[in-house]
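What would the 3D arrangement of this be:
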Amino acid sequence: MIMGAKKEIERKWLVDKAKIPFDFSKAEPLVMEQSYINFSPTIRLRNTNDKSYILCVKNKGGKDGLSRDEFETEISKEDYEKLLLKTEGTIIRKTRYCIDTDDGLTMEFDFFEGELSGLCYMEIEFSSEEDALSYPNPPWAIKDVTTDVGYKNAMLAKVGMPSDAQKNI
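Numbering: from 1, shown residues only. Below you'll find the model as predicted:
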């Protein structure tokens, strides 16, 4: 099934796990594995809960780091396994929890595993760049990493944990 192209407008924060004010026990855990066939442009494979397999292509985006074009298509498990043989870098393993906010947004919390264990960030997708820019930093956020290339999943797969992350997790 082709899911199509869209403009992805999002912000991302490195968060202090101990200060997150949400109970994840009622949220469905999305266990994800992400791997990369190419880093520029980004060509990603994602397996979610061993049920959903997605091939995604993303461009570099604008210099503000807020938006970029994204194309996703669902693929079969068999195609996923064949493409997995073509990947580069480390497979990213994480569990995602989605929390809907009172203002109609969805916060996506990613808790990383393996060599990225301890890393946790939260992303929010917005309908406009203006909305994204005007959204305040959450009080439990350590820092906004939207424009920090080192915190992009593709870079985590390519080079590992950002050097400044260790002091923040």
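
C-alpha only now, for contacts and for neighbours.
Fine.

Please identify the residue most distant from the middle of this protein.
Most distant from the centre of the chain: residue 78, at 23.8 Å, with distances by C-alpha atoms, centre = their mean.

Helix, strand, or coil at that residue?
Secondary structure for residue 78, judged by DSSP: H, G, I helix; E, B strand; the rest coil, is helix.

Residue 46 versus that one, what's the distance?
13 Å (C-alpha to C-alpha, to the nearest Å).

One more: residue 55?
7 Å.

From what I see, residue 110 and residue 94 are in contact.
Yes: between residue 110 and residue 94 there is a contact at 6.1 Å, judged by C-alpha atoms under 8 Å.

now the strands: where do they sit in the chain?
Ranges of strands in the chain, per DSSP state E, are 2-15, 30-39, 42-48, 52-58, 67-74, 88-100, 106-112, 120-125, 141-144.

closest one to residue 163 among those strands?
Comparison of those against residue 163 by C-alpha to C-alpha identifies strand 2-15 as nearest, at 13.5 Å.

what's the closest one packed up against?
Strand 2-15 makes packing contacts with strand 67-74, strand 120-125, helix 129-134, strand 141-144 when contacts are defined by 3 or more C-alpha pairs under 8 Å, 6 or more residues apart in numbering; DSSP states H and E.
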